[in-house]
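Student: Please find the sequence and the predicted model below.
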Amino acid sequence: MVLDSKDKLRYSRHLSLPEIGREGQERLKASRVLVVGAGGLGCPAALYLAAAGIGTIGIIDPDCIELSNLQRQVLYRDSELGLSKVEVASARLKENNPNVVVETYRTALSPENAFEIIQRYDLVLDATDNFTARYLVNDACFFLRRPNVFASVSKFEGRLSVLCLPDGPCYRCLFPETPQDKILNCAEEGILGAVPGVMGTLQALAALKLILGLEDSGHRLSIFNFLNIELKNIVLPKNTQCPLCGAHPTIRKLESRALECHSVPEILPGDLQTFLEAEESVHLIDVREPEDFRRGKIPGSLSVPLNVILSDTATLPQDKVLILICQRGQRSRIGVQHLIEKGFRGTRSLRGGLSEWPGKLERCLSTSRPQK
Ligand SMILES: [Zn+2]
């Protein structure tokens, strides 16, 4: 893929970066990237990919433009309500960069078409807004060995991770099953419009870095809080118990429907105090990162971050009832599922996590682990 004289002008700011240069720009031009979902994340992601000179961009989305989309889906105009998203997106990307080939799929990604579509691309951006699609993208990327640049948004928060790299974790390493409680898509939950704008742009950035060989991640989940501009990087090791990419996988093909949910024992925040009084041998285990733990914890709880629980259970007492705590009760559920599989009976997750804990939190200066 050789650059012509117009390309050299168009991409001159790339070409003057030693990390990109002519070779890198030619690599971008030769690459094929699929954007799954042409919504709040997909719009800015696809636009930056096109502007950067990705040779071929695939966009898949079954929907038409609705009025409620315009608050965040910045490729679309008020005059285009009712038109197909992928067709309008394709036209807009070509207006920006006529050299880009845009391949559109006006359909939903399904177990029937996922392999056929995804195998045509070098990497995939998961810009979907629901769990069923997210698992499907993840599983297909894992089976086809395609990197999955994942982002999700909720209210004022965004998450980003590069998944399905060789030796790296997949989405199911983090969420083996569909989280059951309080998980809504943004149509129901509300989202500040600029949040997916930032996160979709970060997906494009991660994709460009992957193609250029500049991406260093793949083993972390970055959580952005846009209310107070905080970034948290959580180490995300490959989960050896992962039903897809773990040592003993149970998922061997694409599933045709949303995952069956395994229930994880939980305890309600309001019941915890009574439970602590009734049960003598209870350990409260806070699975958040140590710096979060230091900022505020439930009195009496001990810090054992989730990645430690997933990789080494030797320090945890088998003869105690363990109650796992995190910020919202999602990471703790992953920990509980893992511990139950490891034989820790009676383990429970604090439902809703600290965000629903009615009592006071205690600050602490040091963290400690329970001793056997
Ligand atoms: Zn996995």
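Tutor: The structure has been received and is ready for your questions.
Student: Angles on the backbone of residue 91, please.
Tutor: With angles defined as degrees, to the nearest 10, residue 91 sits at phi -60, psi -40.
Student: quick thing: my sequence starts at 18, can you match it?
Tutor: New numbering, starting at 18: the last item is residue 108.
Student: now the helices for this structure?
Tutor: Using DSSP state H, the helices of the chain run over 22-27, 29-32, 38-47, 59-69, 102-113, 131-135, 148-161, 188-191, 203-206, 211-229, 286-295, 307-312, 323-328, 348-358.
Student: how about the longest one as CSV, C-alpha atoms only?
Tutor: Spelled out, it's helix 211-229. Taking C-alpha atoms only, helix 211-229 is exported to CSV below (Å, rounded to 0.1, in the frame of the first residue of the first chain):
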residue,chain,number,x,y,z
ALA,A,211,-19.6,13.4,25.7
VAL,A,212,-18.7,10.3,27.7
PRO,A,213,-19.1,7.8,24.8
GLY,A,214,-17.4,10.5,22.7
VAL,A,215,-14.2,10.2,24.7
MET,A,216,-14.4,6.4,25.1
GLY,A,217,-15.0,5.8,21.4
THR,A,218,-12.1,8.0,20.6
LEU,A,219,-10.0,6.0,23.0
GLN,A,220,-11.0,2.8,21.2
ALA,A,221,-9.9,4.3,17.9
LEU,A,222,-6.6,5.3,19.6
ALA,A,223,-6.1,1.8,21.0
ALA,A,224,-6.8,0.3,17.6
LEU,A,225,-4.4,2.6,15.8
LYS,A,226,-1.7,1.8,18.4
LEU,A,227,-2.3,-1.9,18.0
ILE,A,228,-1.8,-1.6,14.2
LEU,A,229,1.3,0.5,14.7
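Student: for that helix, the distance to its chain's centre please.
Tutor: 12 Å (Cα atoms, centre = their mean, to the nearest Å).
Student: by contact count, what packs against it?
Tutor: Counting contacts by 3 or more Cβ pairs under 8 Å, 6 or more residues apart in numbering; DSSP states H and E, the secondary-structure elements packed against helix 211-229 are helix 38-47, helix 59-69, strand 140-143, strand 165-171, strand 174-180. (Each C-beta comes from the backbone N, C-alpha and C, glycine too.)
Student: Mean pLDDT and mean neighbour count for the helices of the chain - can I get that in CSV?
Tutor: Formatted as CSV, the helices of the chain follow (pLDDT from 0 to 100; neighbours: other Cβ atoms under 10 Å):
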stretch, mean pLDDT, mean neighbour count
helix 22-27, 95, 13
helix 29-32, 97, 14
helix 38-47, 97, 17
helix 59-69, 98, 25
helix 102-113, 98, 19
helix 131-135, 97, 17
helix 148-161, 94, 22
helix 188-191, 91, 24
helix 203-206, 50, 13
helix 211-229, 97, 22
helix 286-295, 82, 14
helix 307-312, 89, 15
helix 323-328, 88, 21
helix 348-358, 85, 23
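Student: circling back: nearest to residue 108, of the helices and strands packed on helix 211-229?
Tutor: Closest of these to residue 108 is helix 59-69, at 11.3 Å (criterion: Cβ to Cβ).
Student: can you list the residues of the stretch 218-367 of the chain near the ion?
Tutor: Taking Cβ under 5 Å from the ion as the criterion, the stretch 218-367 of the chain approaches the ion at residues 259, 261, 262.
Student: what number of residues lie near the last one?
Tutor: What that stands for is residue 262. A count of neighbours around residue 262, defined by other Cβ atoms under 10 Å, yields 23.
Student: list the contacts for the nearest residue to it once chain neighbours are set aside?
Tutor: Spatially, and ignoring its direct neighbours in sequence, residue 262 is nearest to residue 187 (4.8 Å; Cβ to Cβ, 6 or more residues apart in numbering). Counting by Cβ atoms under 8 Å, 6 or more residues apart in numbering, residue 187 touches 155, 156, 158, 159, 165, 180, 181, 255, 259, 261, 262.
Student: what's the answer for residue 59, then?
Tutor: By Cβ under 8 Å, 6+ apart, residue 59 lies in contact with 52, 53, 76, 78, 106, 142, 144, 217.
Student: Tell me the spacing between residue 67 and the ion.
Tutor: Distance of residue 67 to the ion, given as Cβ to the ion, to the nearest Å: 31 Å.
Student: How about that residue: what's its closest non-neighbour residue?
Tutor: That would be residue 110: by Cβ to Cβ, 6+ apart, it lies 4.0 Å from residue 67.
Student: The one you found contacts residue 119, correct?
Tutor: Yes. Look at residue 110 against residue 119 with Cβ atoms under 8 Å: they come within range, at 5.3 Å.
Student: now the closest residue to residue 75 other than its chain neighbours: how far from residue 154?
Tutor: Excluding the flanking residues, the one nearest residue 75 by Cβ to Cβ, 6+ apart is residue 51, at 4.1 Å. Per Cβ to Cβ, to the nearest Å, residue 51 is found 9 Å from residue 154.
Student: shared neighbours of those two, anything?
Tutor: Common neighbours of residue 51 and residue 154, counting by Cβ under 8 Å, 6+ apart, are 135, 141.
Student: Around residue 377, count how many other residues there are.
Tutor: Neighbourhood size, residue 377 [other Cβ under 10 Å]: 8.
Student: check contacts around it.
Tutor: If you count contacts by Cβ under 8 Å, 6+ apart, residue 377 has them with residue 316.
Student: And the pLDDT for residue 193?
Tutor: Turning to residue 193, the model gives it a pLDDT of 80.
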